[in-house]
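# sequence-free structure coming up:
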Ligand SMILES: [Zn+2]
């Protein structure tokens, strides 16, 4: 059985180690030594992702490893975090000037405690591969650069979801990134505006032709950034657009991507003197898991055994799980007892985190 007090202490310790994206070395060193103490073989790929392999016990039926994953980085403001516990002894929060970093320190702590408890008890367990990624926030860059030759697991848990561990994410969208650099023609706005082509006007024309917002139940799109121009009295020569398209349905994503391209082409035809350099690429692909998927059934069983009611859901956001699925690993995100991710109001619920550690331990014990 996981030790709630030890788990809480681990979590607070991890929260106090700053790890904004790109600065994961300190937390990596801490996690590596904790995992090595449990008997795991520690490896790092070229990107710096941590892959730790813990052998199974002799009594285990299956020697195919299972994966336990979380990410080491946090968003900002995430430096000098000062966590405190509410009088109820349940809720951990920051002092309000930073995030708490429960995303994803709770996930890391859950994995450490689940494994520590499993090793202590010595009950039969499968080999485990712990994958702690870097730079998940802002593009899943760690997972996308993960050396998958180090990973033999084909199923797993990703500890990175909001709410209780009973929330199992069975579907997530694909995301395409949309970026465009528009070059018009600069001209003095008072002396010779007729000689100019406004890049901002070109961009505005494009914006009005794009399907934006919630396109349908499983498809969304957004242009989140429009930059351009130089000065009040110059017809703007440059504009830059940065946006995205997401859908849980890969073919819809492709159709709307084609519609985006057509809109850019139409406007390019209207402004022959302007140059539009459009780039659209896939950031990650969608996944969807049917109810009878063996990985989902295993996870659901562990959640039920912990006395909780499994609840499957789909999300509008991507996670490392998208990349794992792309590489044939059915690793499903579950809740880590944290709420209000990426805000200074972020909280972590210690009972829910404890439940997640129990589910984690049960999962590695499954035959
Ligand atoms: Zn996260």
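Received the coordinates, thanks. Keep in mind that this is a model prediction, so the values were computed, not measured. Residues are numbered from 1 along each chain as shown.
# Please name the residues that touch residue 273.
184-185, 197 (Cβ atoms under 8 Å, 6 or more residues apart in numbering). Placement of C-beta: from N, CA and C, glycine included.
# could those go into JSON lines alongside secondary structure?
Below are the contacts of residue 273 laid out as JSON lines (DSSP: H, G, I helix; E, B strand; the rest coil):
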{"residue": "184", "secondary structure": "coil"}
{"residue": "185", "secondary structure": "strand"}
{"residue": "197", "secondary structure": "strand"}
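# which of these tops the neighbour count?
residue 184 (25 neighbours; other Cβ atoms under 10 Å).
# Against the ion, how distant is it?
40 Å (Cβ to the ion, to the nearest Å).
# ok, back up a step: so which of the contacts of residue 273 is the closest to residue 308?
For the contacts of residue 273, the residue nearest residue 308 by Cβ to Cβ is residue 184; the value is 57.7 Å.
# Hmm, residue 229 and that closest one touching each other?
No. With contact defined as Cβ atoms under 8 Å, residue 184 and residue 229 do not form a contacting pair (10.0 Å).
# shared neighbours, those two?
Common neighbours of residue 184 and residue 229 (Cβ under 8 Å, 6+ apart) are 199-200, 236, 238-239.
# what does the stretch 101-250 of the chain have sitting close to the ion?
103-104, 160 (Cβ under 5 Å from the ion).
# Throw the shared contacts of residue 184 and residue 229 into CSV and include neighbour count and pLDDT, thanks.
Formatted as CSV, these follow (neighbours: other Cβ atoms under 10 Å; pLDDT from 0 to 100):
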residue, neighbour count, pLDDT
199, 26, 98
200, 18, 98
236, 23, 98
238, 16, 98
239, 24, 98
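# ok, which pair from those is furthest apart?
Longest span within those, Cβ to Cβ: 200 and 238, 8.9 Å.
# Are there residues contacting both of those two? Which ones?
Counting by Cβ under 8 Å, 6+ apart, the residues touching both residue 200 and residue 238 are 184, 228-229.
# what's the closest of these to residue 6?
Of the shared contacts of residue 200 and residue 238, the one sitting nearest to residue 6 (Cβ to Cβ) turns out to be residue 228, at 54.1 Å.
# Please identify the helix or strand for residue 260.
helix 250-270 (DSSP states H and E).
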